[in-house]
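S.K.: Here is my input; please provide its structure:
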Amino acid sequence: MALLGEFRQKVGVYILDRKGSRSKRKVHYSNIESVKKIGIIWDASNNEEFAVLSKFHRQLDEKDIRVKILGFYSGRDLPVNLTAVKFLSCIRTPELDFFYKPAYSVEAATFIKTKFDVLIDINFDRKFPLYYVSTLSAAGLKVGLWDSRIRNPIFDVMIELKRPVKIDHYLEHVMHYLEMMKSKSPEQVEK
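M.R.: Here you go, the predicted model:
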């Protein structure tokens, strides 16, 4: 049975590689002050991390940055603390197709199409449904954890941290680098 699961995921990866190579996305980021929308991909299997994400959401909300979190929960029913949260939606196993793509999730389709200024990937164990969404996301800048096993990096900014990675430590590094980064406007480049 595990062999069939591996085969299904390999086919899913093949389909994603083909879709990803056809999608055209323009990478853009100027500075943290211009960021209005951040999308976060999160592996919701570690329910305790939600408190950290909630705190991070409040901090960004104080800076007038809207945050939308898309999680993946491998069960059928979400834990109580993850329900009725306005800024969070989750993909669940029944919303996956035969190849583990989130084909039956309206939230995943909407998230992929949303043009976030920044996408922050908190999918450290590379759960395929979340990796699928991150790969196809229309976000201007994608930030993720460095992983030497990834043959085709999908992230524009990769952060290398010692494993096991603590989510709060990771988010501090992400914000640090986003605050450091500044790109020149086309007018500044011409001068």
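
S.K.: What residues sit buried inside the longest helix along the chain?
M.R.: Longest helix in the chain by number of residues, with DSSP state H as the criterion: helix 2-22. Using 16 or more other C-beta atoms under 10 Å as the test for burial, helix 2-22 gives 8, 12, 13, 16, 20. Every C-beta, even on glycine, is put in place using the N, C-alpha and C of the backbone.

S.K.: Now that the third one has come up, it's in contact with residue 128, right?
M.R.: Yes. With the criterion set as C-beta atoms under 8 Å, residue 13 and residue 128 qualify as a contacting pair; they are 7.3 Å apart.

S.K.: name the helices or strands packed onto the helix or strand residue 39 falls within?
M.R.: Using DSSP states H and E, residue 39 sits within strand 37-43. With contacts taken as 3 or more C-beta pairs under 8 Å, 6 or more residues apart in numbering; DSSP states H and E, strand 37-43 sits against helix 50-62, strand 66-73, strand 118-122, helix 128-136.

S.K.: Please work out which of the ones you listed is packed deepest.
M.R.: strand 118-122 (a mean of 26; mean count of other C-beta atoms under 10 Å).

S.K.: Adjacent strands (with direction) for it?
M.R.: strand 37-43 (parallel), strand 141-145 (parallel) (DSSP bridges).

S.K.: Would you reformat the ones you listed as JSON lines and include distance to residue 115?
M.R.: JSON lines is the format used below for the strands paired with strand 118-122 (distance: least, C-beta to C-beta, whole Å):
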{"stretch": "strand 37-43", "distance to residue 115": "8"}
{"stretch": "strand 141-145", "distance to residue 115": "11"}
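
S.K.: I'd say residue 53 and residue 70 touch.
M.R.: No. Contact status for residue 53 versus residue 70: not in contact, 11.5 Å apart, counting by C-beta under 8 Å.

S.K.: Spit out the residues that contact these two alike.
M.R.: 40, 42, 88 (C-beta atoms under 8 Å, 6 or more residues apart in numbering).

S.K.: just checking, the first one touches residue 70?
M.R.: Yes. Under the contact definition of C-beta under 8 Å, residue 40 touches residue 70, with a separation of 7.2 Å.

S.K.: got the buried residues for stretch 75-88?
M.R.: Buried, per 16+ other C-beta under 10 Å, within stretch 75-88: 78, 82, 85, 88.

S.K.: Can you tell me which of those end up in strands?
M.R.: Judged by DSSP state E, the subset of the buried residues of stretch 75-88 located in strands is residue 88.

S.K.: ok, so of the buried residues of stretch 75-88, who is nearest residue 114?
M.R.: residue 88 (14.4 Å; C-beta to C-beta).

S.K.: The nearest residue to that closest one once chain neighbours are set aside: what's it in contact with?
M.R.: Closest residue to residue 88 apart from its sequence neighbours, by C-beta to C-beta, 6 or more residues apart in numbering: residue 69 at 4.6 Å. Going by C-beta under 8 Å, 6+ apart, residue 69 touches 39, 40, 41, 42, 53, 57, 87, 88, 89.
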